[in-house]
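S.K.: Make a model of this:
(chains A and B)
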2 protein chains.
Amino acid sequence: MAGGTEEQIRRAAVHLFATRGFHATGIRQLAEAVGINSSTLYHYMGTKEDLLFAITQDSFRRLIDAADRLSPDLNPQVRLCGLVYLHVWSHATHPEETAVVDNELRSLDGDRLAQAVELRDRYEGLWASVIADGCASGTFAVQDPRIARIALLQMCSGVAGWYSASGKTSLRDLTTTYAQMALSLLSCGRDYRTIERLLDDLDLQPVVAAAWPESAI
Amino acid sequence: MAGGTEEQIRRAAVHLFATRGFHATGIRQLAEAVGINSSTLYHYMGTKEDLLFAITQDSFRRLIDAADRLSPDLNPQVRLCGLVYLHVWSHATHPEETAVVDNELRSLDGDRLAQAVELRDRYEGLWASVIADGCASGTFAVQDPRIARIALLQMCSGVAGWYSASGKTSLRDLTTTYAQMALSLLSCGRDYRTIERLLDDLDLQPVVAAAWPESAI
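M.R.: I've put the predicted structure just below:
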């Protein structure tokens, strides 16, 4: 029962923060969305800031957990496709949660902002390291690896803003298309079928099922 | 004097909508930021929705105006570099305004949302047409031109969220780097010096000076 209520509060917070913004969401509005009163909400989840902090920590930890399951023995090209797959998959299937993390991190204060930024930097560090390895081995070529990493992450995060599973593009096509565009941007163009096979061989379904167990796929 | 007050209100609205969100910004807060009362603000600018609508229309019109000055006789590779330059330049130099347009369009209602979406579609249509021309002539190659257009626009818009003119990357390097990444993503890789020369030849400073006359460059 407690777990159920907590999960309901968390979902309502994600939805309201994503659609109206963190600052525009009142604690009373949040409580009403779940059908409880404000003090019951506080008992379960603490303040609005506590909720935002929990949502961002959880989101980054899942991404890092999933990315950490990619073997460091894989070559940079394959690891990059894996990172793109996980990032695009999570943003396409959890658009409101990822939008809150991407847009409302700035609404955290002091120590909590520092903790969230530390997790974000750890996650982005995984991307930086793959791009650096690929540039060092001559697989990738870019003018500025830092800007390339930022551009890749922003284009992949962007799917949260437009992708619909009921549209004409399947999640499989979406992730493959983004992996192909990411490799091309890094001057490592590969044809679509090659990327499709590469992602099939990586077999990331068990990885996303472990990191996002509530999402049936 | 009236123009001055209007401009001050517009700037305060852009700042508050960008940093706190449209729904979290009260009309009284906006009036206080400019040092006037709510009814004076209403006299000059109408409602909060009127302000958001004016900001989005103005932003899209400048982008379209600038993009329309690129000659249709240019080849797709050059036109694409020009579009990337204008988009990245405007987002890097007007980060709060472009963030409001990118994030708060959904806060417009009914007819106004339709008008803003129509302008956005017209602007994105310019990108779609260049990408289609490049694919038709064999200059570009992508799996899905629509997704490539969305990914390019999102990665270019992203500079509003991180770029700082006081950092180590100049606006010239930023725009050249993004143009190079955009061409690579479209399987049309060119070296950095080639893009630099191409943008120098295009000479877009007069174009941005005409579309954004208040920005000294």
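S.K.: distance of the closest residue to residue A:59 other than its chain neighbours from residue B:42?
M.R.: Of all residues not flanking residue A:59 in the chain, residue A:101 sits nearest, at 4.6 Å (C-beta to C-beta, 6 or more residues apart in numbering or on different chains). Heads up, the C-betas are built off the backbone N, CA and C, glycines and all. Residue A:101 sits 36 Å away from residue B:42, going by C-beta to C-beta, to the nearest Å.
S.K.: quick one, phi/psi of residue A:168?
M.R.: Note on residue A:168: its backbone torsions stand at phi -90, psi -10 [degrees, to the nearest 10].
S.K.: That one: neighbouring residues, count only.
M.R.: 8 (other C-beta atoms under 10 Å in any protein chain shown).
S.K.: circling back: the residue nearest to residue A:59 sits in which helix or strand?
M.R.: helix A:95-104 (DSSP states H and E).
S.K.: Give me the distance between the residue nearest to residue A:59 and chain B.
M.R.: Distance, residue A:101 to chain B, using C-beta to the nearest C-beta, to the nearest Å: 13 Å.
S.K.: again, but for residue A:25
M.R.: 8 Å.
S.K.: Quick check: can you list the domain ranges of chain A?
M.R.: A:1-46, A:52-211 (automatic domain parsing).
S.K.: In a markdown table, list the ones you listed along with mean pLDDT.
M.R.: Shown next, in a markdown table, are the domains of chain A (pLDDT from 0 to 100):
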| stretch | mean pLDDT |
| --- | --- |
| domain A:1-46 | 87 |
| domain A:52-211 | 96 |
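S.K.: Save those domains as a markdown table, and put in distance to residue B:197 too.
M.R.: Supplementary listing: these in a markdown table, determined by distance: least, C-beta to C-beta, whole Å:
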| stretch | distance to residue B:197 |
| --- | --- |
| domain A:1-46 | 44 |
| domain A:52-211 | 15 |
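S.K.: so which of these is the most packed in?
M.R.: domain A:52-211 (a mean of 18; mean count of other C-beta atoms under 10 Å in any protein chain shown).
S.K.: Can you give the distance of that one from its chain's centre?
M.R.: 7 Å (C-alpha atoms, centre = their mean, to the nearest Å).
S.K.: What is the end-to-end distance of that domain?
M.R.: End-to-end distance of domain A:52-211 (C-alpha to C-alpha, to the nearest Å): 20 Å.
S.K.: now that we're looking at residue A:17, how far away is residue A:103 from it?
M.R.: Per C-beta to C-beta, residue A:17 is found 9 Å from residue A:103.
S.K.: ok, now how distant is the closest residue to residue A:103 other than its chain neighbours from residue A:126?
M.R.: In space, residue A:103 comes closest to residue B:103 once its chain neighbours are excluded; the distance is 6.9 Å by C-beta to C-beta, 6+ apart. Per C-beta to C-beta, residue B:103 is found 27 Å from residue A:126.
S.K.: Residue A:115 too?
M.R.: As judged by C-beta to C-beta, residue A:115 and residue A:126 stand 18 Å apart.
S.K.: Could you tell me the phi and psi values at the closest residue to residue A:162 other than its chain neighbours?
M.R.: In space, and not counting its chain neighbours, residue A:162 is closest to residue B:150: 6.0 Å by C-beta to C-beta, 6+ apart. Phi and psi for residue B:150, reported as degrees, to the nearest 10, are phi -60, psi -50.
S.K.: Thought residue B:22 was touching residue A:21, still the case?
M.R.: Yes - Residue A:21 is within contact range of residue B:22, at 7.5 Å (criterion: C-beta atoms under 8 Å).
S.K.: Chain B contacts on chain A?
M.R.: Contact residues (C-beta under 8 Å from any C-beta of the partner chain) of chain A with chain B: A:19-24, A:103, A:106, A:142-144, A:147-148, A:150-152, A:154-155, A:157-158, A:161-162, A:169, A:173-174, A:176-178, A:180-181, A:184-187, A:189, A:192.
S.K.: Which ones among those residues map onto helices?
M.R.: A:19-20, A:103, A:147-148, A:150-152, A:154-155, A:157, A:173-174, A:176-178, A:180-181, A:184-185, A:192 (DSSP state H).
S.K.: List the contacts of the helix holding residue A:101.
M.R.: Around helix A:95-104, the neighbours that count as contacts under C-beta atoms under 8 Å, 6 or more residues apart in numbering or on different chains are A:14-15, A:17-19, A:21-22, A:52, A:55-56, A:59-60, A:90-91, A:157, A:159-161, A:163, B:103.
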